[in-house]
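Participant: Fold the following.
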Amino acid sequence: MKRTLIAAATVLTLASPALAMNGGAAQLAAELGVAPGQFTLAQLVQLKNASEKSGNDAVVVIDGVRIDTQM
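Facilitator: Okay, here's the model as predicted:
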């Protein structure tokens, strides 16, 4: 019983940063108005940076698709 408890605590401790990162990406996706999982964290950061710009600087190309963040 004690071993199981220690093993579970260890797994949760090791998984915490990954869970937090996924939550952060989901929060950023929600802030940008896109579906969670639709873009990688790096792509979300590109979208966030572009959304703070105007004109041509507000356009991002991801996987060959042009996304205008000012629409």
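
Participant: what stretches of this structure score poorly on pLDDT?
Facilitator: 1-22, 71 (pLDDT under 70).

Participant: Tell me where it has helices.
Facilitator: Per DSSP state H, the chain carries helices over the ranges 2-32, 41-51.

Participant: Run through the residues that contact Q43.
Facilitator: I62 (Cβ atoms under 8 Å, 6 or more residues apart in numbering). All C-beta atoms are positioned from the backbone trio N, CA, C, and that covers glycine.

Participant: rerun that using 10 Å as the cut-off
Facilitator: Counting by Cβ atoms under 10 Å, 6 or more residues apart in numbering, Q43 makes contact with 25, 29, 34, 60, 62-63, 67.

Participant: and which of the residues you listed is nearest to N49?
Facilitator: V60 (8.3 Å; Cβ to Cβ).

Participant: now that closest one, which residues is it bridged with?
Facilitator: Counting by DSSP bridges, V60 is bridged to I67.
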